[in-house]
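Enquirer: coords please:
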Amino acid sequence: MKIEVSLLRKPFFLFLILIISSLLLGACASEEEKAIVSSAEKFAANYILEKYGEAVRFTEYRFSPPDLSKSLGIHGYIEGDKKKKVFILVNYDPLSVETLSLPEGVTKKSDSK
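Expert: Modelled structure (predicted):
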């Protein structure tokens with residue numbers, strides 16, 4: 001009977017250690033990640049506003065694998081209409097726009113190059 005109880009506790013203990021260590025590692029990386037996301041979102045919002053005259057709200061992001069590129073895919077929508085989806089792929093080192101997807105009907109401002 002003691003052998004069975006010991007076997008049941010071991011996976012739980014290992015699972016608990018795994019959860020705690022992932023939380024600690026995630027907390028360290030999250031500050032740098034938050035700074036990257038914040039600057040990329042500001043850059044992307046300003047880019048869209050300047051080039052297309054549209055204000056956007058970003059709702060989610062996903063980093064590209066770091067061995068492929070230093071970029072961040074950001075999803076959002078045009079302010080005032082959540083159905084008008086926006087996607088922008090931003091290179092965060094240095095900041096530049098790699099790809100932009102805007103809703104149909106949104107055109108570049110005439111004074112933008």
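
Enquirer: where does the nearest residue in space to residue 53 that is not next to it in sequence fall, phi/psi-wise?
Expert: Counting by CB to CB, 6 or more residues apart in numbering, the nearest residue to residue 53 once its immediate chain neighbours are dropped is residue 109, at 5.1 Å. From N, CA and C alone the C-beta is placed, and that goes for glycine too. Listed backbone geometry of residue 109 is phi -60, psi 150, with angles given as degrees, to the nearest 10.

Enquirer: Isn't residue 109 up against residue 49?
Expert: No - the pair residue 109 and residue 49 does not pass the contact test of CB atoms under 8 Å, sitting 9.6 Å apart.

Enquirer: Report the buried residues of the lengthiest strand in the chain.
Expert: With residue count as the measure and DSSP state E as the assignment, the chain has strand 81-92 as its longest strand. Judged by neighbour count using 16 or more other CB atoms under 10 Å, the buried positions of strand 81-92 are 84, 86, 88, 89, 90, 91, 92.

Enquirer: which element follows that strand toward the C-terminus?
Expert: Past strand 81-92, further along toward the C-terminus, the next helix or strand under DSSP states H and E is strand 95-101.

Enquirer: what lines up beside that next one in the sheet?
Expert: Note on strand 95-101: by DSSP bridges, its sheet partners are strand 81-92 (antiparallel).

Enquirer: what's in contact with stretch 93-102?
Expert: Outside of stretch 93-102, the residues that reach it under the criterion CB atoms under 8 Å, 6 or more residues apart in numbering are 39-40, 43-44, 47-48, 52, 54, 69-71, 78, 85-91.
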